[in-house]
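> coordinates only, sequence not included:
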């Protein structure tokens, strides 16, 4: 009898939710806002690298980045950089997590650089690279992240040996990530990772749901069609980076047509955050982040 009542209540809740969803869709965005709901197509996060000049100049500490996200930009997602950590110790990580929680900011991932070559010809070097990344899985678990972002390593595009070595390393790292259900993801970040065919060959060779991509709108050589490359990477995407360098007088990014790129992201069924990564020549990083944020708002 209790199970029947519970089942009936669940059925009624589903019916009411479905009816409410139809009504809100018919009424449009204003009605959704009155119900406290959002009709945004995606949420926006901030890649910490966007403010690397401020960080390296001593004007901003990593521990204060959650407050910057919320108070300066009203952004609720943060992507960290491993080299910004003053310490990966548990006490520091729990303090950082508290700062994020207090500001209503979710720490999404850690971008890991400088931890070794996952495609190195020497097996000992590859094993060391895997070990070096392990600590960031532990940190990501404490911070409540969904992923760590790694580099593919050195290798010539299309080199089957480099692809095989890289896949072997990442398969080992994914096994270490499995207990905490963390994703291990590769960004097109130079070298053979910026060749979509080579990167996707690694992804397909590992063939694990916890292993995926972080498509960056930039970081492709001129010979690569960035729109086609992102389209090919999106089925495996766990995060997306909206790289911004310069803007024209209408607020459009000069190097990437967001009017073409954002629909490619959304057409893949992607429902995660799109991260602002400002990397332009303007030393005013706050202004650069805001310009990228305004551009992304057009497509929400």
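Perfect, I can see it now. Here the structure is a predicted model, which means the values were calculated and not measured. Residues are numbered from 1 along each chain as shown.
> Show me what counts as buried in stretch 211-229.
211-220, 224, 226-227, 229 (16 or more other C-beta atoms under 10 Å). C-beta coordinates here come from the backbone N, C-alpha and C atoms, glycine included.
> and what of stretch 185-192?
185, 186, 187, 188, 189, 191, 192.
> roughly how far out does it sit from the chain middle?
From the chain centre to the centre of stretch 185-192 is a distance of 13 Å (C-alpha atoms, centre = their mean, to the nearest Å).
> From residue 61, how far out is residue 72?
According to C-beta to C-beta, to the nearest Å, residue 72 and residue 61 sit 14 Å apart.
> What separation do you get for the most centrally placed residue in the chain and residue 100?
Geometric centre of the chain, nearest residue: residue 239, 3.2 Å, by C-alpha atoms, centre = their mean. Distance, residue 239 to residue 100, by C-beta to C-beta: 17 Å.
> just residue 278 next, same as before
Taken as C-beta to C-beta, the span from residue 278 to residue 100 is 20 Å.
> Equivalent analysis for residue 172, please.
30 Å.
> who's more crowded, those two?
residue 100 (24 against 18; other C-beta atoms under 10 Å).
> Which residue, other than its chain neighbours, is closest to that one?
residue 66 (4.1 Å; C-beta to C-beta, 6 or more residues apart in numbering).
> unless I'm mixing things up, the one you found is touching residue 96, no?
Yes - using C-beta atoms under 8 Å, residue 66 makes contact with residue 96 at a distance of 7.5 Å.
> So which bits of the helix or strand harbouring residue 68 are buried?
Using DSSP states H and E, residue 68 sits in helix 65-73. Using 16+ other C-beta under 10 Å as the burial criterion, the residues of helix 65-73 that qualify are 65, 66, 68, 69, 70, 73.
> and that helix, what other elements does it pack with?
strand 43-47, strand 77-81, helix 90-102, helix 285-297 (3 or more C-beta pairs under 8 Å, 6 or more residues apart in numbering; DSSP states H and E).
> ok, 7 Å please
strand 77-81, helix 90-102, helix 285-297 (3 or more C-beta pairs under 7 Å, 6 or more residues apart in numbering; DSSP states H and E).
> Check the offset of the second one from the chain's centre.
To tie it back to what came earlier, the one meant is helix 90-102. Worked out by C-alpha atoms, centre = their mean, helix 90-102 lies 20 Å from the chain centre.
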